[in-house]
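> let me see the structure of the following:
(one chain, ligands or ions: 1)
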Amino acid sequence: MEIFLDTADINVIKKYKNFIDGVTTNPSLIAAINGSTTYKIIEEICDVISGPISVEVISNTVDEMFVEGKELAKIHSNVCVKLPCTFEGLQVCKQLSQKGISTNLTLCFSSTQALLAAKCGATYVSPFIGRIDDIGQDGMGLIDEIVNIYDVQKIETKVLAASIRNVNHVIQAAYIGADAITLPEKVLSQCFYHPLTKSGLKKFMQDWNNKDQKDNS
Ligand code: G3P
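Down below sits the predicted model:
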């Protein structure tokens with residue numbers, strides 16, 4: 001499973017660069033970075049990370065999104081153009097795919113949207129698990145459904161589990177067979193932590209230091 005970091009913060013990306021295969025951004029994450037442009041932010045990320053970097057279009061019409069998508073793709077060959085799972089976004093997906101440009105279909109909330117994304121040649125489709133859970137529905141159930149449909153239909157579009165809220169989402173997405181997952185810093189940092197690792201290490205160090213004291217007495 002590819003692991004992406006869901007952030008536009010270059011310092012966070014540098015901190016975790018050894019553990020991630022790529023980065024996903026969205027307009028909210030880019031807007032949170034002060035004093036820079038989308039293009040500069042993405043260039044900087046591409047200098048640090050050699051895998052896919054998802055960058056979302058901010059225009060609305062098919063023509064505008066197509067032009068914007070082509071411009072974003074020029075920033076670096078690793079840029080993956082993020083498009084909404086809408087009637088317009090799916091058409092642009094098809095156009096960009098035909099030009100060999102990678103795409104990530106975002107704001108996916110149903111298996112029919114995922115089927116259409118695949119039909120339009122999407123590289124990734126991003127079902128938003130957390131936001132589905134937030135309205136009392138089963139986000140991970142959607143990942144399971146799409147993974148199974150893609151498997152049965154022999155579809156190559158990758159399922160990218162997005163809107164991840166906790167480490168259980170990470171484990172479940174891996175268990176179900178999601179091709180990729182994108183994690184906010186908070187969840188990625190929790191993946192390293194276990195209380196028994198911390199307490200076990202503390203005890204090892206205490207015992208080692210006590211040995212030194214014994215040896216010196
Ligand atoms: O980048 C898309 C997605 O991961 C956003 O997550 O937490 O805003 O629902 P969230």
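> and stretch 98-118, end to end?
Stretch 98-118 has an end-to-end distance of 13 Å (criterion: Cα to Cα, to the nearest Å).
> pull out the buried residues from it.
For stretch 98-118, burial by neighbour count (16 or more other Cβ atoms under 10 Å) applies to 101-109, 111, 113-118. Just so you know, the C-beta spots here come from the backbone N, C-alpha and C atoms, and that holds for glycine as well.
> now that stretch: average pLDDT?
The predicted model assigns stretch 98-118 a mean pLDDT of 98.
> and the helix or strand bottoming out on mean pLDDT in the chain, what does it pack against?
Ranked by mean pLDDT, DSSP states H and E, the weakest helix or strand in the chain is helix 195-216, scoring a mean of 92. Under the contact definition 3 or more Cβ pairs under 8 Å, 6 or more residues apart in numbering; DSSP states H and E, helix 195-216 sits against no other helix or strand.
> show me the contact partners of that helix.
Outside helix 195-216, no residue is within contact range by Cβ atoms under 8 Å, 6 or more residues apart in numbering.
> determine how far that helix lies from the middle of the whole chain.
39 Å (Cα atoms, centre = their mean, to the nearest Å).
> that older thread, so which of the buried residues of stretch 98-118 is the closest to the ligand?
residue 106 (6.3 Å; Cβ to the nearest ligand atom).
> who are the packing partners of the one helix or strand residue 23 maps to?
Taking DSSP states H and E as the definition, one finds residue 23 inside strand 22-24. Helices and strands touching strand 22-24, as assessed by 3+ Cβ pairs under 8 Å, 6+ apart, comprise strand 2-6, strand 53-56.
> anything in the helix or strand just after the longest one near the ligand?
For strand 2-6, the following helix or strand on the C-terminal side (DSSP H and E) is helix 10-15. No - judged by Cβ under 6 Å from any ligand atom, helix 10-15 makes no contact with the ligand; its nearest approach is 13.8 Å.
> send me helix 10-15 as PDB with only the CA atoms.
Extracted in PDB, the C-alpha atoms of helix 10-15 (Å, rounded to 0.1, in the frame of the first residue of the first chain):
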ATOM      1  CA  ILE A  10       7.100  21.400   3.500                       C
ATOM      2  CA  ASN A  11       8.600  21.100   7.000                       C
ATOM      3  CA  VAL A  12       6.200  18.200   7.800                       C
ATOM      4  CA  ILE A  13       7.000  16.600   4.500                       C
ATOM      5  CA  LYS A  14      10.700  16.800   5.100                       C
ATOM      6  CA  LYS A  15      10.300  15.300   8.600                       C
END
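> lovely, talk soon.
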